[in-house]
Each structure stands twice: as C-alpha cells, then as structure tokens.
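Chemist: got a predicted structure plus its sequence, pasted below:
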Amino acid sequence: MSLCREIGLIAGVTVAVDGSRFKAVNTRDKNYTPGAIRLRMEQADASIARYLGMLDTADRQEDQVAEMRISRLSERLEALRRQMRELQTTERAVADAPDHQVSLTDPDARAMATNGKGTGMVGYNVQAAVDAKHHLIVVHEVTNVGHDRSQLANMARQTKEVTGADSLTVLADRGYFSGEEVVACEAAGVTPIVPKPLTSGAKADGRFGKQDFIYQPETDTYRCPAGEQLIWRFTTVENGLTLSRYWSSNCGTCAMKAMCTPSKQRRITRWEHEAVIEAMQRRLDEMPNAMRVRRSIVEHVFGTIKGWMGRDHFRTRRLANVATEMSLHVLAYNLKRAVVVLGTPALMAAIRG
Ligand code: SF4
C-alpha cells in the first residue's frame, strides 16, 4: 500500500466502507437456526401424522395391494422418524452453539439477511474500505457477523494504519451507524460521515422528530418547536450508555401538543457523546451528496468481484481459508485497477522500483 500511495494510486484522504454478503459452500438446507429446526420438525410431524392415517386405512383393507402399501408406508414412516431423531440431535447442537446457529458443510458460515426480500443466504460478510481516488481496495476483512453495525471503527483504524494518512474521512451508509463506533472513529483520528437510521417513532407517526429540538450547550437545555425550554431532569445509565433526560413543564397547555406527544410531556434523551453525533450530522448537512459519492466509490467493487466468482462465490470452507480466497480476489482487483489507471509498463516499472 505504501507503494500505491507513492505512485499516486491511492490518496488516503477519503475512503468509503461497505460490506457485502458472499455465499459460502453451505446450502440453506444445511444451516440450522432454532426457527429453521422448529419448522422442519413441524413438517416432519405433519408428515408422520399423515402417513399414520394412511397406514390406518390400509390396515382395514386385507388384500395384497394393501399389504404392499403398508410395507411402503412403514418404510417412509421409519425414514421420517429417523429424520426427527437427527433433527433433535441438531436442535441440541444449535442450543449449545454460542450464536445458536449450526452450519454443517462450512461450520464458520452463517445465515445472513440481504437487502432483497427472501434472498437471505448462508455465507460471509466481506468488509472493504475503498479509496476515493482510483477506487482501489485499501483494507478488507471477511467476517461471519451478519450486520455492519460494529465494523466502522475497525475498518477506519486499519485504513489509517495502512495508508499512514494524517487525516482520514470515512463514508458509510446508515447500516454502520452506531454512536459508540462514531466516537471510536473520532478517538482514532478518523472523521466518519454516516447518516442516522430513520427510527424515530414520533417522526413516523407524523409528530416532531428529535431533530426538531435544538440543543443549547450554554444552558444545557433543548428548545422545542413551540419555543419552550426543555430542562435537564436526570441522568441515568442504560445498557452501558450514560443518558440524560430533558422536558418542559409547559407541555400540558401547549397548542402544538398533538403534533408532539401523546404523553403528559415530551421527553428528549441525550447521550453523553451526543455532541459527536451532532457534529457528524452537520458534516452530512454540508455534504448533501455524501451517500451518492459513497455509492460511486464502493458499490461497483463488490459487483465486479462477485461477477468474477460466479453464482456460488466462495470455493473454500472455514473462515481462515475463505479470508485467503478473498485476499486473492482483492489482489487481482487492485492489480487490474492499477493497470487501468497507470498502464502495464508504468506499473511494472513502479513495482521494479
Ligand atoms: S408539547 Fe411540550 S415539547 Fe412539545 S412542542 Fe409543546 S411545549 Fe414543546
């Protein structure tokens, strides 16, 4: 990477971080979660009941055909009972697994949700930080964690280390938003730009959202849309987060209350590091095309690599092997980008030094 920086292939100023799910050598049929086991047990139970009913009917008929049917039905019943015993064994293994999931072909692969409905897969979550200048992959990592929420600071730190950048801006989509990750990025000297998920119940119900309340640091109060002051009431620790609550005593007589809260008063919660989140929101407001830029940097990278891999993605099993396989794809991707940007003779000359 230092050579890439020297010859201008990466700038190490802005990177886009994204994750994509890649299929493992493990079909969905060979992946078990408590829900999947329950479903398969219910299906096996229903089949057993159906065959028992058919066996009953056949028992009442005494001809040769009935005898053949009884023997066939008994075989199927035995197979179903065997399947049920296997499911019970797998159920115990799933209960004992730390994340309550078992994959039989590739034990490290995990069932993962994807964006499209009904397109969940058993696979790995590949994270990549892509440099904005020529779209080379600066850092990548293969995980079997199904979400991106805990990846931002890790990818940002690694990128900073690899590029040796003094200041680094990291763009990521709202799937990466986590207050703790944003604070960890800032602590590592990285400037994150990540939109907040749209989870405000009030906003969804057409009432004022938290962004309609302005924090006033000089007085440690919020100003609400009606111009009232919400004052600090108490601070508490919930799930390891230090949170303060603010409210006004005048909500009961407020003309705008119907647009604000169905409760006695509207309460606003403030995290101890909320200022960091507010500063990030200001950066986002100043860069309204941030997410479009992010998409243009990173999204085609995964599409290209998946195109090379074909429909089934990984060929190897277990996390360590899959990580090596991915590294080779990333190396090939970066080499191809370098050839496109510099041309083969210039790249060869730079490598020879
Ligand atoms: S209900 Fe309370 S917080 Fe909401 S606008 Fe009225 S005074 Fe402000």
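Modeler: Ah, there it is.

Chemist: what number of residues lie near Asp45?
Modeler: Using other CB atoms under 10 Å, Asp45 is surrounded by 12 other residues. Yep, even glycine has a C-beta here, placed from its N, CA and C like the rest.

Chemist: what residues does the stretch 151-300 of the chain have near the ligand?
Modeler: Contacts of the stretch 151-300 of the chain with the ligand, taken as CB under 6 Å from any ligand atom, map to 224-226, 228, 248, 250-251, 254, 256-257, 260-261, 265-266.

Chemist: try it again with 5 Å
Modeler: Residues of the stretch 151-300 of the chain lying close to the ligand (CB under 5 Å from any ligand atom) are Cys224, Ala226, Glu228, Ser248, Cys251, Cys254, Met256, Lys257, Cys260, Arg266.

Chemist: mind giving me the domain split of this protein?
Modeler: Split into domains by automatic domain parsing, the chain comes to 2-26+111-197+282-352, 34-100, 201-274.

Chemist: center of this protein - which residue?
Modeler: In the chain, the C-alpha nearest the mean C-alpha coordinate belongs to His147, at 2.2 Å (CA atoms, centre = their mean).

Chemist: list the contacts of the closest residue to that one other than its chain neighbours.
Modeler: Closest residue to His147 apart from its sequence neighbours, by CB to CB, 6 or more residues apart in numbering: Gly175 at 7.1 Å. Gly175 makes contact with Gly19, His147, Asp148, Arg149, according to CB atoms under 8 Å, 6 or more residues apart in numbering.

Chemist: and the pLDDT for Gly175?
Modeler: pLDDT recorded at Gly175 is 93.

Chemist: now swap in Gly118 and tell me
Modeler: pLDDT, Gly118: 59.

Chemist: pLDDT, secondary structure and distance to Pro195 for the residues of the stretch 151-300 of the chain next to the ligand - can I get that in CSV?
Modeler: Listed next are these as CSV, based on pLDDT from 0 to 100; DSSP: H, G, I helix; E, B strand; the rest coil; distance: CB to CB, whole Å:
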residue, pLDDT, secondary structure, distance to Pro195
Cys224, 97, coil, 24
Ala226, 96, coil, 27
Glu228, 97, coil, 29
Ser248, 97, coil, 29
Cys251, 97, helix, 30
Cys254, 96, coil, 30
Met256, 96, coil, 27
Lys257, 96, helix, 29
Cys260, 95, coil, 24
Arg266, 97, coil, 24
